[in-house]
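Participant: just need the structure, nothing else, for what follows:
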Amino acid sequence: MSVATLLDSQLSLVFDMGVDENGKAMTKRKNYNNVKTSATPDQLLQAAQAIVSLQTETLASVERNDTNQIDA
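Facilitator: Residues are numbered from 1 along each chain as shown. Reported below is the predicted structural model:
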């Protein structure tokens with residue numbers, strides 16, 4: 001049976017940048033590395049809200065990107 005080990009976590013904030021001339025939604029992503037792998041979704045959302053309060057753009061979404069190692 002294989003086992004997945006969580007190695008690293010990254011917090012991504014996606015900002016709404018409006019629409020382009022073709023009407024397609026434009027976004028901008030800001031990534032924050034070295035997030036504690038033990039951080040809960042509530043803690044990440046709280047951190048994201050604190051960061052967003054310093055930004056001028058509108059937040060579209062908050063994402064967590066995990067890196068796992070899978071061993072047999």
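Participant: just the strands in the protein please.
Facilitator: 3-19, 25-35, 58-71 (DSSP state E).
Participant: can you redo those strands as CSV with distance to Gln43, mean pLDDT and mean neighbour count?
Facilitator: For every residue, glycine as well, the C-beta is placed using N, CA and C. Converted to CSV, these look like this (distance: least, CB to CB, whole Å; pLDDT from 0 to 100; neighbours: other CB atoms under 10 Å):
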stretch, distance to Gln43, mean pLDDT, mean neighbour count
strand 3-19, 10, 96, 13
strand 25-35, 9, 96, 12
strand 58-71, 11, 97, 12
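Participant: just put the ones you listed in a markdown table and tack on distance to Ala47.
Facilitator: As requested, the strands of the chain are exported to a markdown table (distance: least, CB to CB, whole Å):
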| stretch | distance to Ala47 |
| --- | --- |
| strand 3-19 | 7 |
| strand 25-35 | 8 |
| strand 58-71 | 9 |
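Participant: Val52: which of those strands is closest?
Facilitator: With respect to Val52, and counting by CB to CB, the nearest of these is strand 58-71 at 4.8 Å.
Participant: counting by contacts, list what the closest one packs against.
Facilitator: Here strand 58-71 touches strand 3-19, strand 25-35, helix 41-52, going by 3 or more CB pairs under 8 Å, 6 or more residues apart in numbering; DSSP states H and E.
Participant: sorry, back to before: and of the strands of the chain, who's closest to Gln49?
Facilitator: When the strands of the chain are compared for distance to Gln49 using CB to CB, the nearest one is strand 58-71, at 8.4 Å.
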